[in-house]
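*Asks:* Structure for this input, please:
(2 chains)
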Amino acid sequence: MRAPTAILLVVLAGCAPEVEPISENVSSRDLRIDVIASDEGSGATAKIELDSVFGLLRLTGGDTLRVTMADAALPLREAETDRGTVYVAEFEALTEDLLVDLQRPNDRDPRQIALVPPPFTLTAAGISGAEPLVIGWDADPGEHELSLGLTGKCILPIARSLAQDVGFYSIAQAELLHTDPGAAARCPLTLTLTRTGTTQSDLNEGLGGWFYARTVQSRTVEVSWSP
Amino acid sequence: MMRKGMLALLFALAAGCSDPVPEPPATTASRPPRTLTLSVELRSNGGLAQVFAALREGFEALALGGGDALFFAPVGGEEQVLTKFDDRYIGQTMTGATDFEVTLARGADRFTGAVALPPPFALSGPAGPVSRAQPITVTWDNVGDTYDTSLEIGGECLTYPIWRVFETDPGTFAVQPADLAVEPGLVSCELTVEVTRQSEQTGFTPDFAPESVADTAQIRTVFIATEP
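*Replies:* Numbers count the residues shown, from 1 in each chain, chains lettered A, B, ... in the order given. This is a model prediction of the structure:
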C-alpha cells in the first residue's frame, strides 16, 4: 500500500490531529460569546467564554477581550476549567450594562452589550403573631425576570416567578406549608429575590456567530419567625 | 374435491383474518356490592350540587349491568338517576344541601353511601373596578382547619393563573399586584377568584368496599373588575 493512501486511511479512521482551541483558529463568524454575570450584594463576578466547535478558546494571535462597565474596564484573568479557558472578572458591584469587545487584528471585532438588571436592596420584616411576611425592594419595571424564594427547615420551600416588579409583596402565614406534622411550628427563614436579565443576539450583524448573556442580581435576607 | 378443499381452506383463512370480537365491558351485574369500590366526587357552589360516581373492582371501572342503577339525592330529597359519562355516572341538582346519598339499586335491594359536603361559606371581594397596583383582598367564612382550603386566581386577561394552597384556613387572602401576569396591552381585566374547601372521606359506606372514597368540595367564585 502506498504511503499517502495509508495516511488517508488513518485520517479516515478518526486519527486526525486535534485542532488546538485557540482563538486565532476560529473565525468571528463561527464564534459564540457567552457572558454569565452575577451580583449577590457583596461583590460581583463576570465570566466570559469564547465557545467554538473546538471547545472554549484561549485568546491568541493578538486577539484581546475587553469588558467595560460605565466606561471603566474590568480586569480580566484567564482561568482553566474542565471545559477549557474562561475569562473572569471580579469587581465590587454589577451596576450597569456590560460592553463586551473582542478586538482581533485579523478578523471582525464583535462588540456586544449585555443588559444588566438594576441592583436593589431587599428588606423583610420578621413574622410574628398572625401577621404576613412583608417584603420590600426597589421597584423597576424593566425587561428582566423576577423570582422569589423562601426556605426554612420547618417549611416546604416556596419558589415563585413574579410577573410585576412593583417593589412589594407579602406572603400569608397560611401559605407556609410545614414539612410534616412533627415539624417545628416556626423556624428562621431565608428569603431571596432575584432579577435575571437575558441578552441574545447575532454576533456579527447577520454574518454568523452568537452572543448570549445572563446577568443576575440577587439579594438574600434572613427572616425571623416568632409567636 | 380439490375445489371444495380449496374453498374450505379459503373460508377458514378468511375467518381467521377477521377483526377479533371485542370483549364486552365488565359490569356490576351479580357482583356483591361489598366487592365494589364506590368512588364519589361531589361538589357544590351553594346552589347547585354535581356528582361524579364510579364503581370499580380493583382498578377496573365497571359499567352498570344486570338492571343495576345508580341514584343520587340530598338526604330527604328527590332522587335522580345518574347518567353514564365515559367510565363514570354523573348528575346534578339545584340544592344548598350538604348531606347526600349515592345509592346502587339492584332489584328491590338498595346499597347506599352517605356523603357530606364541607360546610358552606360565602366569598366576597371588593366592588370593582379596583386598581391592580394595590393588593386586592377577598374574604370568606373561616370554619377552622378540618378541611383543605385552596384558592385560584384566573381570568382571560391573565397569561397564567395563580394557585395557592393553605395550611390553615386564613379566611382572607390579598391578591398581590406582583402576581398578576396581565396580557400586554390590556387595561381592563376581570379577575376570577375561586376558593375551594374540600374533604376526602374514606370508608364512608359499609355497603361497599372499604376502599370506597368520597372527595367533596364547596367552591365559591367572585369576579372582580380591575384596572391598572
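
*Asks:* measure stretch B:53-65 end to end?
*Replies:* Distance between the boundary residues of stretch B:53-65 (C-alpha to C-alpha, to the nearest Å) amounts to 15 Å.

*Asks:* Quick check: buried residues in it?
*Replies:* Across stretch B:53-65, burial judged by 16 or more other C-beta atoms under 10 Å in any protein chain shown covers B:53-56, B:61-62, B:64. Using the backbone N, CA and C atoms, a C-beta is placed for each residue, glycine as well.

*Asks:* what do you get for stretch A:157-170?
*Replies:* Within stretch A:157-170, the residues that count as buried by 16+ other C-beta under 10 Å are A:158, A:160, A:162-166, A:169-170.

*Asks:* Now render those residues as a markdown table, adding distance to chain B, pLDDT and secondary structure.
*Replies:* Output for the buried residues of stretch A:157-170, formatted as a markdown table (distance: C-beta to the nearest C-beta, whole Å; pLDDT from 0 to 100; DSSP: H, G, I helix; E, B strand; the rest coil):
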| residue | distance to chain B | pLDDT | secondary structure |
| --- | --- | --- | --- |
| A:158 | 10 | 98 | strand |
| A:160 | 8 | 97 | strand |
| A:162 | 4 | 97 | strand |
| A:163 | 4 | 96 | coil |
| A:164 | 5 | 96 | coil |
| A:165 | 7 | 97 | coil |
| A:166 | 5 | 97 | coil |
| A:169 | 5 | 98 | strand |
| A:170 | 7 | 97 | strand |
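
*Asks:* quick revisit: lowest pLDDT pick from the buried residues of stretch B:53-65?
*Replies:* Minimum pLDDT across these is recorded for residue B:61, with 88.

*Asks:* The helix or strand containing residue A:195 packs against which elements?
*Replies:* In this assignment (DSSP states H and E), residue A:195 forms part of strand A:189-202. Packing partners of strand A:189-202 (3 or more C-beta pairs under 8 Å, 6 or more residues apart in numbering or on different chains; DSSP states H and E): strand A:111-114, strand A:133-136, strand A:145-152, strand A:210-223.

*Asks:* hang on, the earlier thing: farthest-apart pair in the buried residues of stretch B:53-65, please.
*Replies:* Greatest spatial distance among these (C-beta to C-beta): B:56 and B:64, at 12.5 Å.

*Asks:* Which pLDDT value goes with residue B:4?
*Replies:* Per-residue pLDDT puts residue B:4 at 62.

*Asks:* If you could redo that for residue B:57, that was the one I meant.
*Replies:* Reported pLDDT at residue B:57 in the predicted model: 89.

*Asks:* What distance do you get for it to residue B:28?
*Replies:* Look at residue B:57 and residue B:28: by C-beta to C-beta, to the nearest Å, they are 9 Å apart.

*Asks:* Can you check which residues contact both of these two?
*Replies:* Taking C-beta atoms under 8 Å, 6 or more residues apart in numbering or on different chains as the contact rule, residue B:57 and residue B:28 both touch residue B:36.

*Asks:* near chain B, which residues of chain A show up?
*Replies:* Within chain A, the positions near chain B by C-beta under 8 Å from any C-beta of the partner chain are A:132, A:146, A:160, A:162-166, A:168-170, A:172-178.

*Asks:* If anything else comes up later, I'll come back, but that's it for now.
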